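>>> need coordinates for the following:
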Amino acid sequence: MADSVTVWMKDRTNLVERMNGLTLRIRSAEHFGESVKGFPEGNGRLVQLTLPQVLALKPTAIELLNSRGAFKELAAFLEGKQKEEVSAFFCRTKLIALHSCDVSAKDLLVLLDKLDLLAAWSSEDSNFTKSEWESIVEKLAKLNVRAIGLSENILEAASSQLNPEMLVLACNSSLKAVDFQDRVFPTVRILVAQEIHFVDDADAERLLDVLGKSFPNLLMLCWDWNMVDPCIIYDERTKIVLDMLIKLHKQGIYRNLSIVGYSPDAETKGATDNIARHLNDAGLKEIVVTRFATKGYTGDPNFTLIVAGNDIDQKESVVELYANQRSPTPQMVELLSLLPASPIHLLPASTVDFGGFDSRKATKLYEEACKQGQSS
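Purely as a prediction, here's the structure:
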């Protein structure tokens, strides 16, 4: 193994801003500098790190993407180190997030064995078997995770072994509304419903129909309107969904509600005003409507956030997260700031992309991707 490794580091835009952590993204080098969704994420540069500097990174969040073997290389590197060195490397790690990654369950379990505690776990689009998921959930239970993000149907194991304060129904979901039938999460205080697997036009209603039984102790429901319609409209179905949300609120199932939805034109913006009025007329007070444009979009505001409830601090946190940060579908690393007791602030953070220990290969892949991006 070489004495150094090439990584990508994101440039800091504010040199006096305090960094709350470091996000280590393990991915193939041609995707260095991209967000999870594949968009350029700001300026950055390739940097040479010595192996002691790699050990000194001490990431607060580790994101595993399609790495083409980079994760296995890092795992083998750590396996050859002293236990104290490995413990020091992971001593600040609060979050592990998987995004359509090629990591095997065996290697992932080795990683989880290195941790003493873990605050949050998130996975989207993984290909683990049921038995592999059961082993992973068993490990997560021992780590006392406070927040879980899921897109796979592992609700049976999760509801019986985990006690999360926050549950995120993540994007690219294979979870169906019917999967929540007879599943109870009594410890969940915040439910972030970003997406469920589409079956038919009654999916949202089915989820709301079981929500009170599945999540009996909610403080906040964050509801993405794309589970009802791709953009916000105000029609008869909208009124049905709103009335179900209102009924749950009056039953005391949740205290605070946020709705985020795509509203790119005058008609959809008018629909958001009608929704806010509908909620207000039904008794949900302290309603705040905020419009914002997504990151990277330079036109007029194209999303609307509606927040209702009497918890001012929590409402301010939601507005900051969604509207001020211009993020209609925030990732787990952002959502941790919403935890009701002892919120976890991992942002702003330094960002390091690692693509394996072959520096020549990583540099070539990155530079070829940059040239291709410039020519397209």
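>>> going forward, measure contacts and count neighbours with C-alpha atoms only.
Noted.
>>> can you confirm K139 is in a strand?
No: applying DSSP: H, G, I helix; E, B strand; the rest coil, one finds K139 to be helix, outside a strand.
>>> what about the closest residue to it other than its chain neighbours, which helix or strand?
The shortest distance from K139 to any residue other than its chain neighbours is 6.9 Å, reached at L112 (C-alpha to C-alpha, 6 or more residues apart in numbering). Using DSSP states H and E, L112 sits in helix 105-113.
>>> beyond that helix, next helix or strand please.
strand 120-124.
>>> distance from that following strand to the middle of the chain?
Strand 120-124 has its C-alpha centroid displaced from the chain centroid by 7 Å (C-alpha atoms, centre = their mean, to the nearest Å).
>>> mind giving me the packing neighbours of that strand?
strand 95-99, strand 147-150, helix 332-335 (3 or more C-alpha pairs under 8 Å, 6 or more residues apart in numbering; DSSP states H and E).
>>> okay, the closest residue to I136 other than its chain neighbours: pLDDT?
Closest residue in space to I136, ignoring its immediate chain neighbours: L109 at 6.6 Å, by C-alpha to C-alpha, 6+ apart. We have a pLDDT of 94 for L109.
>>> then the one 3 residues further on?
According to the predicted model, the pLDDT of L112 comes to 95.
>>> that one contacts E138, correct?
No: with contact defined as C-alpha atoms under 8 Å, L112 does not reach E138; the gap is 10.5 Å.
>>> okay, the helices and strands packed on strand 120-124 in TSV with mean pLDDT next?
Shown next, in TSV, are these (pLDDT from 0 to 100):
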stretch	mean pLDDT
strand 95-99	94
strand 147-150	94
helix 332-335	95
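>>> let me see the domain layout of this protein.
1-94+346-376, 136-342 (automatic domain parsing).
>>> highest mean neighbour count out of those domains?
domain 136-342 (a mean of 18; mean count of other C-alpha atoms under 10 Å).
>>> and that one, how far apart are its ends?
Chord length of domain 136-342, first to last residue, is 25 Å (C-alpha to C-alpha, to the nearest Å).
>>> what of stretch 20-40?
The straight-line separation of the ends of stretch 20-40 (C-alpha to C-alpha) is 22 Å.
>>> chain center to stretch 257-270: distance?
22 Å.
>>> how about residues contacting stretch 124-143?
Stretch 124-143 is contacted by residues 98-102, 104-105, 109, 112-113, 115-119, 150-152, 154, 157-158, 161-163, 170-173 when judged by C-alpha atoms under 8 Å, 6 or more residues apart in numbering.
>>> who are the neighbours in contact with V103?
L64, N66, S67, F71, K72.
>>> may I have the secondary structure class of it?
coil.
>>> gap between it and E138?
Relative to E138, and taking C-alpha to C-alpha, V103 is found at 18 Å.
>>> try Q374
In terms of C-alpha to C-alpha, Q374 sits 46 Å off from E138.
>>> what's the helix holding L112 packed up against?
Contacts defined by 3+ C-alpha pairs under 8 Å, 6+ apart place helix 105-113 against helix 70-79, helix 130-142.
>>> for T50, grab phi and psi.
The phi/psi pair for T50 (degrees, to the nearest 10) reads phi -70, psi 160.
>>> is it in a bridge, and if so with what?
On the basis of DSSP bridges, T50 is bridged to S4.
>>> okay but it is in contact with V5, surely?
Yes: judged on C-alpha under 8 Å, T50 makes contact with V5 at a distance of 6.4 Å.
>>> can you give me the helices in this protein?
51-55, 70-79, 83-89, 105-113, 130-142, 155-161, 203-214, 236-250, 266-281, 312-319, 332-335, 359-375 (DSSP state H).
>>> okay, the ones you listed in CSV with distance to T351 next?
Converted to CSV, the helices of the chain look like this (distance: least, C-alpha to C-alpha, whole Å):
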stretch, distance to T351
helix 51-55, 13
helix 70-79, 17
helix 83-89, 16
helix 105-113, 20
helix 130-142, 25
helix 155-161, 30
helix 203-214, 36
helix 236-250, 38
helix 266-281, 36
helix 312-319, 23
helix 332-335, 12
helix 359-375, 16
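>>> ok, back up a step: with pLDDT and distance to A266 added, can I get the contacts of V103 in CSV?
CSV is the format used below for the contacts of V103 (pLDDT from 0 to 100; distance: C-alpha to C-alpha, whole Å):
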residue, pLDDT, distance to A266
L64, 95, 40
N66, 83, 40
S67, 79, 43
F71, 93, 47
K72, 91, 50
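>>> closest one to D311 out of those residues, please.
Using C-alpha to C-alpha, L64 comes nearest to D311 of the contacts of V103, at 34.9 Å.
>>> what distance do you get for the residue nearest to I136 to V103?
10 Å.
>>> could you do V319 as well?
35 Å.
>>> same deal with M220?
In this view, M220 and V103 are 33 Å apart by C-alpha to C-alpha.
>>> now E156
With C-alpha to C-alpha as the criterion, E156 and V103 are 23 Å apart.
>>> do P216 as well
From P216 to V103 the distance is 35 Å (C-alpha to C-alpha).
>>> same deal with N302?
For N302, the distance to V103 - C-alpha to C-alpha - is 36 Å.
>>> what residue ranges in the chain score low on pLDDT?
1, 375-376 (pLDDT under 70).
>>> reformat the helices and strands packed on helix 105-113 as TSV; add distance to K285.
Compiled in TSV, the helices and strands packed on helix 105-113 are given as follows (distance: least, C-alpha to C-alpha, whole Å):
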stretch	distance to K285
helix 70-79	49
helix 130-142	38
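>>> how far away is L221 from A2?
From L221 to A2 the distance is 49 Å (C-alpha to C-alpha).
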